[in-house]
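**Student:** using only what follows, build the 3D model:
(chains A, B and C)
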Amino acid sequence: MAKLKFAKQNDFFQQVYQLVRLIPKGKVTSYGAIAKYLGSAKSSRMVGYAMNNSHVQVPPVPAHRVVNRNGVLTGKHFFAHQHEMQQLLESEGLIIENDQIQNFSDSFWNPSEALQLY
DNA sequence: AAGGTGACAGTTT
DNA sequence: TAAACTGCCACCT
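**Tutor:** Residues are numbered from 1 along each chain as shown, chains lettered A, B, ... in the order given. Here you go, the predicted model:
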């Protein structure tokens, strides 16, 4: 009885959420890197799409640590307050200017390398 | 059930 | 050089 409705999105989204939760504080990654790590390099758009439900996920997903390939805070508009994403990143020691992360390459966190895929 | 969508990325003009 | 177009694939209505 009582089927669990939230067991629906178990495939891609959950993997994305888990991976995003593994991003260390002060580090950021890109949608493409996540998609590639999950095996679907072409599904980078879907990664961002997954973040739409990130706010209802539990535990919460640090979506602010995910930006696009250019290091631009493209998803800031999806936060409660437009500057929330930037502020969160700044509180983690990152420098953001004109909605773009400075020294992005230096703060980039590559899941494939960090998790040391065998 | 089928079509439309998108918090991207890569290619072309 | 920068801007614009297309591909993409899993989710959503």
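
**Student:** residue in chain A nearest to DNA strand B?
**Tutor:** residue A:75 (1.4 Å; C-beta to the nearest atom of the strand). All C-beta spots, glycine's among them, are computed from the backbone N, C-alpha and C.

**Student:** so who does that residue touch?
**Tutor:** A:48, A:51, A:63-64, A:66-67, A:85 (C-beta atoms under 8 Å, 6 or more residues apart in numbering).

**Student:** beyond the helix of greatest length in chain A, next helix or strand please.
**Tutor:** In chain A, assigned by DSSP state H, the helix with the most residues is helix A:12-21. Remark: after helix A:12-21, the chain's next helix or strand is strand A:29-30, criterion DSSP states H and E.

**Student:** list of residues touching that next one?
**Tutor:** A:20, A:23, A:44, A:65-69, A:71, A:108-111.

**Student:** so what's the residue nearest in space to the middle of chain A bridging to?
**Tutor:** Closest to where the C-alpha atoms of chain A average out (C-alpha atoms, centre = their mean) is residue A:66, at 3.3 Å. As for beta bridges, residue A:66 partners with residue A:29 under DSSP bridges.

**Student:** is it correct that it is in contact with residue A:49?
**Tutor:** No: Residue A:66 sits out of contact with residue A:49 when judged by C-beta atoms under 8 Å, with a separation of 11.9 Å.

**Student:** tell me if the longest helix of chain A is near DNA strand B.
**Tutor:** No: if you take C-beta under 7 Å from any atom of the strand as the test, helix A:12-21 misses DNA strand B, and the best it gets is 9.5 Å.

**Student:** return the alpha-carbon coordinates of that helix using CSV.
**Tutor:** Provided in CSV are the C-alpha atoms of helix A:12-21 (Å, rounded to 0.1, in the frame of the first residue of the first chain):
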residue,chain,number,x,y,z
PHE,A,12,19.3,11.1,-13.1
PHE,A,13,18.2,13.8,-10.8
GLN,A,14,19.1,11.9,-7.6
GLN,A,15,22.6,11.3,-9.0
VAL,A,16,22.9,14.9,-9.8
TYR,A,17,21.8,15.9,-6.3
GLN,A,18,24.2,13.5,-4.7
LEU,A,19,27.1,14.7,-6.7
VAL,A,20,26.4,18.3,-6.1
ARG,A,21,26.2,17.6,-2.4
